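In: Dropping a prediction and its sequence here:
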Amino acid sequence: MRARTEYKLNQAWYDGEPVPAWLRLLVPIYRLANRLDRWIKTRQQPEELKAANIIVVGNITVGGVGKTPLVIRLCRLLRTAGLKPGVVSRGYGRKDIKLRLVSPASDPEVVGDEPLLIARQAGVPVIVANDRCEAARKLLKQGVDVIISDDGLQHYRMPRKLEICVVDGKRGFGNGLLLPAGPLREPMERLNSVDYIVVNGASDAVPPEQNPVTMTLAAGLLRSLDGRQSWRLAQFAGCKVNAVAGIGNPGRFFKLLRQARITVNEYAFPDHHRFQVSDFEEMDGNLPVVMTEKDAVKVKNIELKNAWSLHVDAVLPPAWEKELVSRVIKE
């Protein structure tokens, strides 16, 4: 049901299908509620966090845009600069509601798939909580001097020194309408108030006068899920695989594999999908299964044979990375 609903909405939001009139009628209500929520929550910001060095990485559209690789890259940059970053996240889709410190061995059902991936790759403290402010306080007590909020651009109770809005270069802003008639969480003019706009993939989705920063995702090694092998993606060239992606834009992952001259059987799932054995039963058992790292953290208890995850790194302009680090240090 969820997959079908998401598919129908994406057709209307991104593929030019007509938007039902009843969805358009709900837009003014959403707009008013959004403004009221922002007005109330900005007045509820905890005083003790207003002095903290907090960077919010988010987006104004629904769905994944590539925030997680960017957060991981920022953590590595700040660590290299001698800072002590930490990450707070709600842990979207997790079953647990308690505040949790995420470790590389955490259960994705308890902490969420993206926080677990960040904890494994960034090497920094990661805390998930429904109340991001509570998580931020916990990190400060642990000696963290820069807090990165994974998502939360619209979580206005969280004070922030810097805002980074990530945009999917291919999808852009869809039909440009607010929820539920379009994919926008906030109006387009919200871009005028953020510090940086990072576009995932070369695109003209953001006009040049807004100084967008281009981010690309560079494919790294393919690692077998049993941990025994690592191959370069080029070594799979000419092969056919079952490609699995439960992310915001599965097409981006499938395209990356095709660019490496890999033939793919596409298996797209909703973002944050909880995988079950039945999800893999109809796949060609003679072919390798290749998936994103975000999906791989959720199939630990499924005994998949010849299964691989693809590592990707966010690549950003060196000049921008230097500017960002300098700005964070000054804060």
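Out: Received the coordinates, thanks. Numbers count the residues shown, from 1 in each chain.

In: my guess is Phe236 meets Thr263, correct?
Out: No: in this structure Phe236 lies outside contact range of Thr263 using CB atoms under 8 Å: 9.9 Å. Yep, even glycine has a C-beta here, placed from its N, CA and C like the rest.

In: which one of these two has more residues nearby?
Out: Between Phe236 and Thr263, counting by other CB atoms under 10 Å, Phe236 is the more crowded of the two (20 against 14).

In: check contacts around the closest residue to that one other than its chain neighbours.
Out: Leaving aside its chain neighbours, Phe236 sits nearest to Ile262 (5.2 Å; criterion: CB to CB, 6 or more residues apart in numbering). Residues in contact with Ile262 (CB atoms under 8 Å, 6 or more residues apart in numbering) are 233, 236-241, 243, 290.

In: again, only using 6 Å
Out: 236, 239, 241 (CB atoms under 6 Å, 6 or more residues apart in numbering).

In: what about the last one, how many residues close to it?
Out: Neighbouring residues of Val241 were enumerated by other CB under 10 Å; the total is 21.

In: Quick check: buried residues in the helix or strand hosting it?
Out: Of the helices and strands defined by DSSP states H and E, Val241 is found in strand 240-245. Buried residues in strand 240-245, counted by 16 or more other CB atoms under 10 Å: 241-245.

In: Show me which helix or strand of the protein is least confident by mean pLDDT.
Out: helix 2-14 (a mean of 78; mean pLDDT, DSSP states H and E).

In: still on that earlier bit, of the buried residues of strand 240-245, closest to Gln154?
Out: For those, the residue nearest Gln154 by CB to CB is Ala245; the value is 25.5 Å.

In: OK, contacts around that closest one?
Out: Neighbour list for Ala245: 253, 268, 292 [criterion: CB under 6 Å, 6+ apart].

In: Out of these, grab the one that's most surrounded.
Out: Top of those by neighbour number is Phe253, holding 26 neighbours under the definition other CB under 10 Å.

In: That residue - nearest residue in space that isn't next to it in sequence?
Out: Ala245 (4.3 Å).

In: Can you give the distance from the longest helix along the chain to the centre of its chain?
Out: What stands out as the longest helix in the chain, according to DSSP state H, is helix 21-42. On the basis of CA atoms, centre = their mean, to the nearest Å, helix 21-42 sits 24 Å off its chain's mean C-alpha point.

In: That one versus helix 2-14: what angle between them?
Out: Relative orientation of helix 21-42 versus helix 2-14 (axes from the mean of the first three to the mean of the last three CA atoms, to 10 degrees): 90 degrees.

In: who touches helix 21-42?
Out: In contact with helix 21-42 (CB under 6 Å, 6+ apart) are residues 156-157, 178-181.

In: Let me know the average pLDDT across stretch 273-293.
Out: Confidence for stretch 273-293, expressed as mean pLDDT, is 95.

In: 221 is where my numbering starts, stick with that
Out: Will do, 221 is the new start, and the previous item becomes stretch 493-513.

In: which residues touch that stretch?
Out: 337, 460-467, 473, 518-519, 522, 524, 526-529.

In: what do you get for stretch 425-445?
Out: Contacts for stretch 425-445 (CB under 6 Å, 6+ apart): 289, 387, 389, 392, 416-420, 422, 450-451, 453, 476, 527-536, 540.

In: now, the most widely separated pair of the contacts of helix 241-262?
Out: It's Arg377 and Ala401 that sit farthest apart of these, by CB to CB, at 27.0 Å.

In: If you count surrounding residues, which of those two has more?
Out: When neighbours are counted by other CB under 10 Å, Arg377 and Ala401 differ, and Ala401 comes out ahead with 23 against 17.

In: quick one, what contacts that one?
Out: 239, 243-244, 247 are the contacts of Ala401 under CB under 6 Å, 6+ apart.

In: For the nearest residue to it once chain neighbours are set aside, give its distance to Val285.
Out: Taking CB to CB, 6+ apart, and ignoring the residues beside it in sequence, Ala401 has Leu243 as its nearest neighbour in space, at 4.3 Å. Distance of Leu243 to Val285, given as CB to CB, to the nearest Å: 22 Å.
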